[in-house]
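A.B. asks: Predicted model and sequence below, questions to follow.
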Amino acid sequence: MTSTDFVVARNDLEQCKLIESAIPDAAALPADALLLKVERFAFTANNITYAVMGDELKYWQIFPAPQGFGNIPVWGFGEVIASKHPNIPAGERLFGYFPMATHLVIEATDVSKRGLRDGASHRQGVAPVYNAYARVTGDPAYADRQGDYQALLRPLFMLSFLVDDFLAENDDFGARTVLLSSASSKTAFGLAHLLHTRGRKVIGLTSGGNTGFVTSLGCYDEVVTYDRVTSLPSNAPVAFVDMAGNSALRAGLHRHFGDQMKCSVRVGLTHRATDADEGALPGAKPRWFFAPDHIRKRAKDWGPGGIEQRFGAAWSGFAPLLERSLTVVESRGPEAVRRVYLDTLTGRIPPEQGHMLSLLG
């Protein structure tokens, strides 16, 4: 048996290929190891950010690939098809971080009734959340379409939740209006929903083609196309959350709002047209938001289960929006994965679509 991996060139993300390798024989697995068949995974613009930041944030080391290539991590589901761990039977279904591949071997540690962790040494330099797997066999929250929503949006909505919490903790830096770029992106409209719920005015910045979708979401108070951002009133404090990573847009907004730009947070890098050194800008200095740091802070502040409890309540309020606004598109096979990957990379995926993929035929 062989495993198929979909890998991309680190220095040219448009170059991608399939590689095959032998799957370990079940009897040859080391103690406590699991062999998983990767059933299905979500692919969104957030995965492009993983690739762009692969070296800086160590995403490439999670699932090793041949020299010069990388395997982009994705959120999805796997079935245990062979187990050397006494408490994890074959047939168990896991939700977590997977490679774009058909199979994965993990070293099961910290096994509990609810989950486990991959203890492989090459994965230990990244945030713990990326090594955790939930045991979801028979859990209705992870079954069928609800499972697709979990894979597509739960990791992104966690980022939305953390950014909203960071802003709220700082009283939005004195701003009562928040601007979001890439307003059609799933992380952005999750954040817009949370900001809107707590009474902030939310302005979505988007391209002309996405205006209708962004408006239909109902969580933006105003929708403005990128070519009209300088028409916004600049006499009141604003905060800016940059989901796109477009240097020209960010610089233009800073110059337009000047000292009224009270906070500028960089979250995503889907646009890829960004300058490493854009120089000093008026207003608040742009800062990167690194979710694992905020998770560590809140885990300490809120204690065991605190994040999960608050996030669960927020997710319950967000789920109805998904059912109204998101169409899940399922595709299987290597060619389908390649097509969706390249369409996502080049911004050709309609915002109302969420793609669930499998390399298995």
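C.D. replies: Ah, there it is.
A.B. asks: use CA for all of it now, contacts and neighbours both
C.D. replies: OK.
A.B. asks: ok now the longest helix along the chain, how far from the chain's centre?
C.D. replies: As assigned by DSSP state H, the longest helix anywhere in the chain is helix 144-169. How far helix 144-169 lies from its chain's middle: 8 Å, per CA atoms, centre = their mean, to the nearest Å.
A.B. asks: Make 67 the first number, not 1, from now on.
C.D. replies: Done: numbering now begins at 67, and the last item shifts to helix 210-235.
A.B. asks: For it, what does the pLDDT average out to?
C.D. replies: Averaged across helix 210-235, pLDDT comes to 94.
A.B. asks: ok, now stretch 317-327?
C.D. replies: On average, stretch 317-327 scores 97.
A.B. asks: Which residues belonging to it are considered buried?
C.D. replies: Neighbour counts over stretch 317-327 (16 or more other CA atoms under 10 Å) mark 317, 319-327 as buried.
A.B. asks: Now tabulate those residues in JSON lines and tack on secondary structure.
C.D. replies: What follows is these, written out as JSON lines (DSSP: H, G, I helix; E, B strand; the rest coil):
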{"residue": "Ala317", "secondary structure": "helix"}
{"residue": "Leu319", "secondary structure": "helix"}
{"residue": "His320", "secondary structure": "helix"}
{"residue": "Arg321", "secondary structure": "helix"}
{"residue": "His322", "secondary structure": "helix"}
{"residue": "Phe323", "secondary structure": "helix"}
{"residue": "Gly324", "secondary structure": "helix"}
{"residue": "Asp325", "secondary structure": "helix"}
{"residue": "Gln326", "secondary structure": "helix"}
{"residue": "Met327", "secondary structure": "strand"}
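A.B. asks: Isn't Lys83 up against Phe72?
C.D. replies: Yes. With contact defined as CA atoms under 8 Å, Lys83 counts as touching Phe72 (5.9 Å).
A.B. asks: Of these two, which one has the most company?
C.D. replies: Phe72 (23 against 13; other CA atoms under 10 Å).
A.B. asks: so where does that one fall, helix or strand?
C.D. replies: strand 68-75 (DSSP states H and E).
A.B. asks: Report the strands that pair with the following helix or strand past that strand, each with its relative direction.
C.D. replies: Counting by DSSP H and E, the next helix or strand C-terminal to strand 68-75 is strand 78-88. Within its sheet, strand 78-88 is paired with strand 68-75 (antiparallel), according to DSSP bridges.
A.B. asks: ok now the partner strand, how far from the chain's centre?
C.D. replies: Counting by CA atoms, centre = their mean, strand 68-75 comes out at 21 Å from the chain centroid.
A.B. asks: Buried residues in it, which are they?
C.D. replies: Quick answer for strand 68-75 (16+ other CA under 10 Å): 69-75.
A.B. asks: One more: stretch 285-298?
C.D. replies: Under 16+ other CA under 10 Å, the buried positions of stretch 285-298 are 285-286, 289-291, 295.
A.B. asks: what would these look like in a markdown table with pLDDT and distance to Arg183?
C.D. replies: Shown next, in a markdown table, are the buried residues of stretch 285-298 (pLDDT from 0 to 100; distance: CA to CA, whole Å):
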| residue | pLDDT | distance to Arg183 |
| --- | --- | --- |
| Cys285 | 96 | 36 |
| Tyr286 | 98 | 38 |
| Val289 | 98 | 42 |
| Val290 | 98 | 43 |
| Thr291 | 98 | 43 |
| Val295 | 96 | 45 |
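A.B. asks: still on that earlier bit, how about the buried residues of strand 68-75, which pair is most distant?
C.D. replies: Across these, no pair lies farther apart than Ser69 and Ala75, at 19.2 Å, counting by CA to CA.
A.B. asks: Could you give the backbone dihedrals for Gly157?
C.D. replies: phi 100, psi -10 (degrees, to the nearest 10).
A.B. asks: With Gly420 instead?
C.D. replies: phi -120, psi 130.
A.B. asks: OK, contacts around it?
C.D. replies: 108-110, 218, 392-395 (CA atoms under 8 Å, 6 or more residues apart in numbering).
A.B. asks: Could you tell me which of those residues belong to strands?
C.D. replies: Of the contacts of Gly420, the ones assigned to strands by DSSP state E are 108-109, 393-395.
A.B. asks: quick check, nearest of the residues you listed to Val331?
C.D. replies: Phe109 (23.9 Å).
A.B. asks: so which strand or helix has the nearest residue to that closest one once chain neighbours are set aside?
C.D. replies: The shortest distance from Phe109 to any non-neighbouring residue, by CA to CA, 6 or more residues apart in numbering, is to His421 (5.8 Å). Assessed by DSSP H and E, His421 sits inside strand 419-424.
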